[in-house]
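Trainee: got a predicted structure here, sequence first:
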Amino acid sequence: MAEWSLSDNPILADLQRAVAIESINPALPGGDRGEAAMVEFTRAFFAECGVACETEEVLPDRCNVVATLPGRDPDRVLLFESHIDTASTQGMTIDPFAPHIRDGMLYGRGSCDTKAGGIAMMHAMRRIAESGEPPPSTIQFAGAMDEEHTFKGALALAQSTRASAVVVSEPTDLAVIRAHNGLARFLIHVTGVAAHSSKPELGVNAISKMARIVTAIEDEIETSYAALRHPLTGHPRLNVGVIQGGVQINFVPDHCVIEVDRRVIPGEDPLETVRPFRELLARLASEDPELDAQLEAPFLLDNSMETPEDAEIVQVAAAACEATLGASTIDGVPYGTDASKFTAIGIPSIVLGPGCIDQAHAAVEWVECQQVLDATDIYYEIMRRF
């Protein structure tokens, strides 16, 4: 590991310590250690500043970690949530766990997504605790596991929380995000007939059949999305992200599968967005008796999120940004976050964090240090005002 030096700023120094911790999601390449070390880091942080902290096991040996600071009104709870798992480090061109600071940027896996926001939330909560003055509402910080795979941490929190509102940390360049997209992910299988490649006419090439399906998806389904638009999150998106098929070059392949990621705008039902794909496959099969295609039930569905602009948490967050930055932006984004798990059960939620989504999962991931410091001030102001 390349040598790196610790910042003199306690917020940035703790972010460096957090980035140096390997916490890749166990479902992803390199995720053998999971989030456990980040759980212990978070518990130690809150123990040092005298804030009660506990763990909630979600899966065997995989926990959410929740800190609670009582407020003047115990019936109002403001939850700050940031996921503690990261994406894989495969494809990175820098040392993922050497959090160098250069030219005002802090580098490393998770620096942007979302350890920067999590550390800023933790330090804002510490500032409130050390002030000796209870906040208006009870403040909670939750470090959630499994955001990078199936959101089980946030789903568990949504079942147990008493939150009146939620602030979720994802990189938003410190904009207040009140709407984002959901998703539907599913597989399409094509079954062919194997044969020797010297006599391909004796087989049915599953890859060739799948190629026609992909082309039809792009030409017919994807083009239809131009007529659908949400004012904050834009058009639905579609990506065929994985294709697998064939055994070796001189076999006619008898199987091919693709993985499809359909992004769902607010107002759409994630499951209903899969129906056009089923209808397309049925039509193509009616036109080609050799086509045997099946769409599996989606393996992941996630709701979109939309919180009214006049919701208290939106307005308080905008005011906090105004107080800190001199300006605020209320907007929407095309990606999804843990926030939708809370809005799905009626809890007003926003997404607000340092960094740019373009750096998340990137070969060179970084976050602007000043944004991390500004985020700490913004979170502190939200805690004081809500």
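Mentor: That came in fine, so what should we check first? Residues are numbered from 1 along each chain as shown.
Trainee: domains of this protein?
Mentor: 10-180+304-385, 182-301 (automatic domain parsing).
Trainee: out of the ones you listed, nearest to residue 3?
Mentor: Of all those, domain 10-180+304-385 sits nearest to residue 3, with 7.6 Å by CB to CB. C-beta here means a position set from N, CA and C on the backbone, and glycine is covered the same way.
Trainee: which residues of this protein score low on pLDDT?
Mentor: Where the chain drops to pLDDT under 70, the residues are 1-2.
Trainee: let me see the ranges of the helices in it.
Mentor: Assigned by DSSP state H, the helices in the chain fall at 10-19, 36-48, 116-131, 152-160, 206-216, 223-224, 275-287, 312-325, 339-343, 369-385.
Trainee: re earlier: highest average neighbour count across the domains of the chain?
Mentor: Mean neighbour count (mean count of other CB atoms under 10 Å) peaks for domain 10-180+304-385 among these, with a mean of 21.
Trainee: surely residue 210 meets residue 187?
Mentor: No: here residue 210 lies out of contact with residue 187, judged by CB atoms under 8 Å, at a distance of 11.4 Å.
Trainee: who touches both of these two?
Mentor: Common contacts of residue 210 and residue 187 (CB atoms under 8 Å, 6 or more residues apart in numbering): 257-258.
Trainee: let me have the helices of the chain in TSV, extended by distance to residue 57.
Mentor: As requested, the helices of the chain are exported to TSV (distance: least, CB to CB, whole Å):
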stretch	distance to residue 57
helix 10-19	21
helix 36-48	10
helix 116-131	20
helix 152-160	9
helix 206-216	41
helix 223-224	44
helix 275-287	37
helix 312-325	29
helix 339-343	18
helix 369-385	27
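Trainee: ok so, going back, in a markdown table, list the domains of the chain along with distance to residue 4.
Mentor: Converted to a markdown table, the domains of the chain look like this (distance: least, CB to CB, whole Å):
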| stretch | distance to residue 4 |
| --- | --- |
| domain 10-180+304-385 | 5 |
| domain 182-301 | 33 |
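Trainee: ok, residue 360 - contacts?
Mentor: 87, 112-113, 170-171.
Trainee: how about a cut-off of 10 Å?
Mentor: 86-87, 110-114, 170-171, 335, 367 (CB atoms under 10 Å, 6 or more residues apart in numbering).
Trainee: residues contacting the nearest residue in space to residue 173 that is not next to it in sequence?
Mentor: Nearest residue to residue 173, sequence neighbours excluded (CB to CB, 6 or more residues apart in numbering): residue 356, at 5.5 Å. Residues near residue 356 by CB under 10 Å, 6+ apart: 112-113, 171-173, 362, 366-368, 371.
Trainee: can you tell me how far residue 356 is from residue 369?
Mentor: Taking CB to CB, to the nearest Å as the measure, residue 356 falls 14 Å from residue 369.
Trainee: now swap in residue 6 and tell me
Mentor: For residue 6, the distance to residue 369 - CB to CB - is 13 Å.
Trainee: mutual contacts of those two, please.
Mentor: With CB under 10 Å, 6+ apart as the test, residue 6 and residue 369 both reach 12, 101.
Trainee: surely residue 226 touches residue 238?
Mentor: No: in this structure, residue 226 is not within contact of residue 238 by CB atoms under 10 Å, at 11.8 Å.
Trainee: who's in contact with the residue positioned nearest the centre of the chain?
Mentor: In the chain, the residue lying closest to the centroid (CA atoms, centre = their mean) is residue 337, at 4.3 Å. Residues near residue 337 by CB under 10 Å, 6+ apart: 81, 83, 114, 147, 151, 154, 168-170, 172, 177, 180-181, 302, 305, 349-351, 353.
Trainee: leaving out sequence neighbours, find the closest residue to residue 139.
Mentor: residue 69 (4.5 Å).
Trainee: typo on my end, residue 232
Mentor: Residue 232 sits nearest to residue 332 (CB to CB, 6+ apart), 2.6 Å away.
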